[in-house]
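> compute the structure for the input listed below.
(one chain, ligands or ions: 1)
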Amino acid sequence: MTQRQSKPGDYDLLIVGAGPVGCVVAERAARCKGWKSLVIDRREHVAGNCHDRLHESGVLIHPYGPHYFRTNNPGLLRYLSRFTEWVDGQYIVKSAVGDKLYPIPINLTTLEMFFGESLDEVSAKRLLDSLAHPIADPQNSEEFVLSRVGRELYEAFYLGYTQKQWDLHPRQLAPSVCGRVPVRLNRDERYVDHRYQLTPKDGFDAMFRKMLDHPLITVQTGTEFGDVRGRIEPRRATVYSGAIDEYFDHCHGRLDWRSLRFEFEYVEQPFVQPCVQINHPAAHAYSRTVEIKHVTGQAHPGTVLSYEYPSATGEPFYPVPTPQGSALYAKYKVEAQVETQERAVYFAGRLAEYIYINTDEALEKGLALFERLALERDWYFLPRALKRAEGLGTAKPVGAASPARSAS
Ligand code: UDP
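Alright, predicted model coming up:
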């Protein structure tokens, strides 16, 4: 990775976070605008949580949990294809309930195994209609699942898994959390419905590193925002993709974040599981076991299993989609809007917007933010007098102290 001495004011953009948002903005800014970016990340690598690396055994792993790239957006796929080739995404997940492994999402096979009768699409629909609770407008994840599949399937496949993952009852979570997983009346076993389900052929790191490989982009890993805050004065804007409550020194209180702890185990055989992911709604303290080799397609005599333990402490991975979380985030969002106006600091991504999104959506946020910066921070063609009147020409430095305008 390029490591150069930086001078204050030497950059058009200061980009905090080398994840999907940061990489896309730096890449677009360099190639489309000729803008110079400094990209920093507190971790020692780029690619954010998409980061992949070789385990000591030589097996490629996803150290921050599996990333199953999928999108419905052909434009996004075309864009990313400049930086990677692809292999088919074999995203197959099963759920361990009792002594059986059931296909998840629930499909025809799951229903047949669970209820011990053979079904077709019509009889399965009749069955689900008889089981589903008549809830027209589900207000939380419990109501959402009950309205789709009824209590027995909810208790077997969703309740325990959700409690383990979030340490909350599904009643406390937004409907969209359990709504991420479809229910099917066919035998499609793929985890998600998206039109394109592909994995970067040489991994995510290789793809993101290729994006950043440009003379106008400087990357400094192992660098805290606090180390450059107030010292680097970008000419145009700061792009911040870290946790929003941290940016504002938690002035309104700490947002709830869910984290994960991982244990990796090397096994000297080609595969251990029948598919990439097994969910464990009931037994064990871990929520899922992942054997990412099923997805990467790597040729290796051994394999690595990862055990995921959900945790309240550790790095922020997931926003917690509760009404209280949304209310607290709304306060930070107001602060962020003022910060954008006054200091040209733009907030985007899962951590900065406290939003539960997938990798493709984070990449789209990066593209959208670049378009916005191109509109709002490119004053090249404006007459001089107007530039002076609007105070354009340099972004105000991001102050060392948080503004904390309306701490409550
Ligand atoms: N979920 C569940 N049982 C499953 C799979 C998912 O209850 O077998 C619920 C759970 O609340 C989970 C949510 O659906 O947090 C979203 O699942 P997904 O696999 O999309 O989570 P991610 O991969 O983002 O952790």
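> what number of residues lie near Ala30?
Ala30 has 21 neighbouring residues, counting by other CB atoms under 10 Å. For the C-beta atoms, the positions are set from N, CA and C on the backbone; glycine is no exception.
> nearest residue to it other than its sequence neighbours?
Leu216 (4.0 Å; CB to CB, 6 or more residues apart in numbering).
> residue contacts, that neighbour?
If you count contacts by CB atoms under 8 Å, 6 or more residues apart in numbering, Leu216 has them with Ala29, Ala30, Gly34, Trp35, Lys36, Ser37.
> mind doing that once more with 10 Å?
Residues in contact with Leu216 (CB atoms under 10 Å, 6 or more residues apart in numbering) are 11-13, 26-27, 29-31, 33-37.
> what's the spacing between Arg31 and the ligand?
31 Å (CB to the nearest ligand atom, to the nearest Å).
> mind listing the helices for the stretch 101-250 of the chain?
108-115, 121-131, 141-149, 151-153, 160-166, 175-178, 204-212, 225-228, 244-247 (DSSP state H, counting those that start in this stretch).
> now the ones you listed as TSV including distance to Tyr91?
Output for the helices of the stretch 101-250 of the chain, formatted as TSV (distance: least, CB to CB, whole Å):
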stretch	distance to Tyr91
helix 108-115	16
helix 121-131	22
helix 141-149	21
helix 151-153	21
helix 160-166	17
helix 175-178	18
helix 204-212	15
helix 225-228	34
helix 244-247	30
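> closest to the ligand out of the ones you listed?
helix 160-166 (3.6 Å; CB to the nearest ligand atom).
> got a list of what Ser176 touches?
Pro138, Ser141, Phe144, Pro321, Tyr356.
> min pLDDT across the residues you listed, which one?
Lowest pLDDT within the contacts of Ser176 is found at Pro321 (91).
> against Phe69, how distant is it?
22 Å (CB to CB, to the nearest Å).
> cool, His55 as well?
Taking CB to CB, one finds His55 at 20 Å from Phe69.
> quick one, which of these two is more surrounded?
Using other CB under 10 Å, the more surrounded residue of His55 and Phe69 is Phe69, with 24 against 18.
> which stretches of the stretch 101-250 of the chain have low pLDDT?
For the stretch 101-250 of the chain, no stretch is flagged by pLDDT under 70.
> residues from it in reach of the ligand?
Residues of the stretch 101-250 of the chain found near the ligand (CB under 6 Å from any ligand atom) are Ile104, Phe157, Tyr158, Tyr161, Thr162, Gln165, Val177, Cys178, Arg180, Val181.
> do the stretch 251-400 of the chain as well
Counting by CB under 6 Å from any ligand atom, the residues of the stretch 251-400 of the chain that sit close to the ligand are Asn279.
> most proximal residue of the stretch 251-400 of the chain with respect to the ligand?
Going by CB to the nearest ligand atom, the ligand is nearest to Asn279 of the stretch 251-400 of the chain, at 4.0 Å.
> got a list of what that residue touches?
Contacts of Asn279 (CB under 10 Å, 6+ apart): 93-97, 101-102, 104, 157, 160-161, 164-165, 181, 287-290, 308.
> need the three-state assignment for Tyr266.
Secondary structure state of Tyr266, per DSSP: H, G, I helix; E, B strand; the rest coil, is strand.
> that one reaches Gly58, doesn't it?
Yes - between Tyr266 and Gly58 there is a contact under CB atoms under 10 Å: 9.4 Å.
> shared neighbours, the two?
Shared between the contact lists of Tyr266 and Gly58 (criterion: CB under 10 Å, 6+ apart) are residues Gly302, Val304.
> hang on, the earlier thing: buried ones only from the contacts of Ser176, please, as a PyMOL command.
With 16 or more other CB atoms under 10 Å as the criterion, this PyMOL line picks the buried residues out of the contacts of Ser176:
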select buried, resi 138+141+144+321
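> from the contacts of Ser176, which is closest to Pro200?
Tyr356 (22.5 Å; CB to CB).
> that closest one against Tyr318, yeah?
Yes - with contact defined as CB under 10 Å, Tyr356 counts as touching Tyr318 (6.2 Å).
> which residues do the two both contact?
Shared contacts of Tyr356 and Tyr318 (CB under 10 Å, 6+ apart): Val177, Arg258, Arg350.
> so the second one sits in a strand?
Yes - with three-state DSSP as the criterion, Arg258 is located in a strand.
> what's the nearest residue to it if we skip its chain neighbours?
Tyr318 (4.2 Å).
> tell me how many other residues crowd that neighbour.
19.
> wait, what's in contact with it?
Tyr318 neighbours (CB under 10 Å, 6+ apart): 65, 165-166, 177, 256-260, 310, 350-351, 354, 356.
> got the phi and psi for it?
Main-chain dihedrals, Tyr318, degrees, to the nearest 10: phi -120, psi 140.
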